[in-house]
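Undergrad: Provide a 3D model corresponding to the input given below.
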Amino acid sequence: MKNKIDIPQTPLAERCRPKTLDDFQGQEKLVGPGKPLRTMIESDTMSSIILWGPPGTGKTTLAKIISESTQSEFHQINAVSSGVREIRQIIELAKENLEHFKKTILFIDEIHRFNKAQQDALLSSVESGEIILIGATTENPSFEVIPALRSRVRIFVLEGLSKNNLQNILNHALTKDEFIKKLNIKSIDSDFLFYISGGDARILLNILEASCIQEYAKEEIIISKDVIENIIQRKNILYDKAGEEHYNIISAFIKSLRGSDPDAAVYWMARMLEGGEDPLFIARRMVVLASED
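TA: Next up, the predicted model:
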């Protein structure tokens, strides 16, 4: 019998977060050699942008890489917990920075959660260059970001991660993470793990870590389809109709429909309904999808 497991406080997805563009997986059209976003990051010539893509595709990671590489002052807020007061405070700091020839970057995670008044508060400072805005969203900016703000930024579209990207992320976790390296992992049903992750690195790493913790007491850890399915069922109770999981899962559902993947679409819909989601909310999102496509 193994001793009691000493689980790291920081989630595996955070421990494995890339620190540089060379370690970053996916989005080659944006951050491959000579591509526009990579050029801006490496030359420290950021302009205001919005990163739009599914959960777990690297939006926050790119912002953190920018924060580590830029000479500008970097501020980060989340639209769920911040408002106009925080925006105005950062704008005042940005004005002071400009007097000392220093730029200010403001990263707003989940910018689609800001209402019109909150987005309006950004307009003049983005237009004048007082702040360089980096917004991250899982929702279509055409519907969730006001036109005046959209016209002042460049929108970069991120795609779900490929199987090869996910394999590289899995290999990195297995060989580099100190907690995972200590475990005797005999086999992983990687094909099923990649399938159920739906191109989301965060889901992949969360399932991997939860599976390892669940199977820790065994001499050899086998992360089979049954183990993964058990982890997924346990995670269903975490569905929060008003929180981040609510938006992550509806985004995964819409992505499955767009990708003509009926099995994944049924899975994500079942997860929402089991978690108590309003069927009308799902129907409205499907109407929006139909109008977009």
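Undergrad: residues near residue 100, how many?
TA: The number of residues packed near residue 100 is 7, by other C-beta atoms under 10 Å. Every C-beta, even on glycine, is put in place using the N, C-alpha and C of the backbone.
Undergrad: how far away is it from residue 93?
TA: Residue 100 sits 11 Å away from residue 93, going by C-beta to C-beta, to the nearest Å.
Undergrad: could you do residue 253 as well?
TA: Remark: distance between residue 253 and residue 93 (C-beta to C-beta) = 39 Å.
Undergrad: ok, the two, which is more surrounded?
TA: In this view residue 253 and residue 93 are compared by other C-beta under 10 Å, and residue 253 has more residues nearby, 25 against 16.
Undergrad: wait, the more buried one touches residue 281, no?
TA: No: if you go by C-beta atoms under 8 Å, residue 253 and residue 281 don't touch, sitting 10.8 Å apart.
Undergrad: in stretch 250-263, what counts as buried?
TA: For stretch 250-263, a neighbour-count test (16 or more other C-beta atoms under 10 Å) marks 250-257 as buried.
Undergrad: no wait, stretch 103-119
TA: By neighbour count with 16+ other C-beta under 10 Å, stretch 103-119 contains the buried residues 103-114, 118-119.
Undergrad: in helices, which of those residues appear?
TA: 118-119 (DSSP state H).
Undergrad: among the buried residues of stretch 103-119, which one sits closest to residue 63?
TA: residue 107 (4.5 Å; C-beta to C-beta).
Undergrad: spit out the contact partners of that closest one.
TA: By C-beta atoms under 8 Å, 6 or more residues apart in numbering, the contact set of residue 107 is 63, 66-67, 74-77, 134-136.
Undergrad: and those as TSV, adding distance to residue 194, secondary structure and pLDDT?
TA: TSV is the format used below for the contacts of residue 107 (distance: C-beta to C-beta, whole Å; DSSP: H, G, I helix; E, B strand; the rest coil; pLDDT from 0 to 100):
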residue	distance to residue 194	secondary structure	pLDDT
63	25	helix	95
66	28	helix	95
67	30	helix	94
74	33	strand	96
75	35	strand	96
76	30	strand	95
77	33	strand	94
134	29	strand	97
135	29	strand	97
136	24	strand	96
